[in-house]
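Asker: Here's my sequence, what's the structure:
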Amino acid sequence: MRKKAQIRMGESIAVMFIFFLLIVAGFIFYSKIERTNITKEKDEADNLKAIEVAQVISFLPEVQCIKQNVQIYNCFDVLKLDAIKGIVKNNKLEYYDILQNSNITIKQIYPESNKVWRIYNNTGGNWTKRIRTIIPVSLFDSVGDHIVNGEEGKINPYFGFGVMEVDVFI
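Answerer: Residues are numbered from 1 along each chain as shown. So this is what the prediction gives:
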């Protein structure tokens with residue numbers, strides 16, 4: 001009788017040991033899946049932050065094109081781009097709240113030019129990740145060319161094409 005009880009007790013202990021091993025394995029599996037999900041959610045939040053900064057700069061009245069008191073979507077005024085660097089430099093704290101740790105550059109592609117406007121540059125101290133967003137934009141030059149059809153003195157405003165590069169540092 002005693003041996004039978006010992007065998008049953010041993011079986012019970014073995015079953016409990018296997019049961020707890022299965023619980024531990026399930027917990028480890030679940031925690032790895034959760035860690036992956038948390039990483040994906042963090043990456044998604046970081047990407048949304050980068051898009052938010054790009055949208056904020058796209059809708060800043062300091063750089064937008066305005067024609068007859070109507071804002072032109074996805075358009076930057078070249079004269080305002082020339083002036084914004086000084087404005088941002090003098091008001092760094094106010095722009096940090098909306099642009100955070102980012103680098104914002106606009107490059108003119110058409111008409112062919114080497115014009116580059118670095119609107120905002122604050123890479124922050126210690127960053128581990130850089131997210132780049134590139135958005136095509138229109139560039140309006142109200143001053144334009146001063147020579148039109150061989151006649152000097154006339155002003156020919158034009159629209160150009162460029163890209164806005166927004167690097168957000170996280």
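Asker: The chain: strands as residue ranges?
Answerer: Applying DSSP state E to the chain gives strands spanning 64-67, 70-77, 102-110, 116-121, 130-148, 151-169.
Asker: Most tightly packed of those?
Answerer: Stretch with highest mean neighbour count among the strands of the chain: strand 102-110 (a mean of 19; mean count of other CB atoms under 10 Å). In short, each C-beta sits where N, CA and C put it, glycine included.
Asker: Which residues does it contact?
Answerer: Identification of contacts with strand 102-110 by CB atoms under 8 Å, 6 or more residues apart in numbering yields 53, 57, 76, 81, 114-123, 137, 139, 160-169.
Asker: Looking at the strands of the chain, spot the one closest to residue 35.
Answerer: Residue 35 lies closest to strand 130-148 among these, at 21.1 Å (CB to CB).
Asker: Could you double-check that residue 101 lies in contact with residue 123?
Answerer: Yes. With contact defined as CB atoms under 8 Å, residue 101 reaches residue 123; the gap is 6.4 Å.
Asker: If you count surrounding residues, which of these two has more?
Answerer: More crowded of residue 101 and residue 123, by other CB atoms under 10 Å: residue 101, with 18 against 11.
Asker: re the thing from before, closest to residue 23 out of the strands of the chain?
Answerer: In terms of CB to CB, the element of those nearest to residue 23 is strand 130-148, at 39.5 Å.
Asker: Are there helices or strands packed against that closest one, and which ones?
Answerer: When contacts are defined as 3 or more CB pairs under 8 Å, 6 or more residues apart in numbering; DSSP states H and E, strand 130-148 packs onto helix 2-58, strand 70-77, helix 78-90, strand 102-110, strand 151-169.
Asker: could you dump these to CSV with mean pLDDT and distance to residue 128?
Answerer: CSV is the format used below for the helices and strands packed on strand 130-148 (pLDDT from 0 to 100; distance: least, CB to CB, whole Å):
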stretch, mean pLDDT, distance to residue 128
helix 2-58, 93, 10
strand 70-77, 88, 31
helix 78-90, 91, 25
strand 102-110, 93, 15
strand 151-169, 82, 9
